[in-house]
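1. Generate coordinates for the sequence data below:
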Amino acid sequence: MSEPKVTSKHTNAFFGASVVFMAVTVVWNLANLTMLDVAVQDRYTIGMGILCSMFATVVVSKVVRDREEANDFVAGLRQARYEEVLAQAPAPGLGKL
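-> Numbers count the residues shown, from 1 in each chain. Predicted coordinates for the structure are as follows:
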């Protein structure tokens, strides 16, 4: 059977860029909230809405990633089963072992 290869689909640069983008988004939203001409309670309400939206985005991204990893895992198991069956099967035309 072939040896499974564990590889990361994303580089450290991709992860770093994602974190930087999230930080920039947080700073941008905080700056916009401070410049709004509304009451403090309204700012807190809008801020919580933005925070909840960002959290939901992260959660959905994680769920999608986990499903993709699960599909890859199941596909790897199926491939291993097929390889095992092929390795134990007799050559064509030789009959039963």
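2. Can you give me the pLDDT of R81?
-> With respect to pLDDT, R81 scores 83.
3. Secondary structure element holding it?
-> helix 40-88 (DSSP states H and E).
4. now swap in D37 and tell me
-> Applying DSSP H and E, one finds D37 in no helix or strand.
5. what residue ranges in this structure score low on pLDDT?
-> By pLDDT under 70, the low-scoring segments of the chain are 1-10, 91, 93-97.
6. From the centroid of it, which residue is nearest?
-> R65 (2.6 Å; C-alpha atoms, centre = their mean).
7. Pull up the gap between N71 and D42, please.
-> As judged by C-beta to C-beta, to the nearest Å, N71 and D42 stand 44 Å apart. Using the backbone N, CA and C atoms, a C-beta is placed for each residue, glycine as well.
8. How far away from the center of its chain is the helix holding R81?
-> Centre-to-centre, helix 40-88 and its host chain are 5 Å apart (C-alpha atoms, centre = their mean, to the nearest Å).
9. Could you name the helices and strands sitting against it?
-> The helices and strands touching helix 40-88, judged by 3 or more C-beta pairs under 8 Å, 6 or more residues apart in numbering; DSSP states H and E, are helix 12-35.
10. packing partners for the helix it packs on?
-> Here helix 12-35 touches helix 40-88, going by 3+ C-beta pairs under 8 Å, 6+ apart.
11. just the angle between the helix it packs on and helix 12-35, please?
-> Orientation of helix 40-88 against helix 12-35 (axes from the mean of the first three to the mean of the last three C-alpha atoms, to 10 degrees) gives an angle of 160 degrees.
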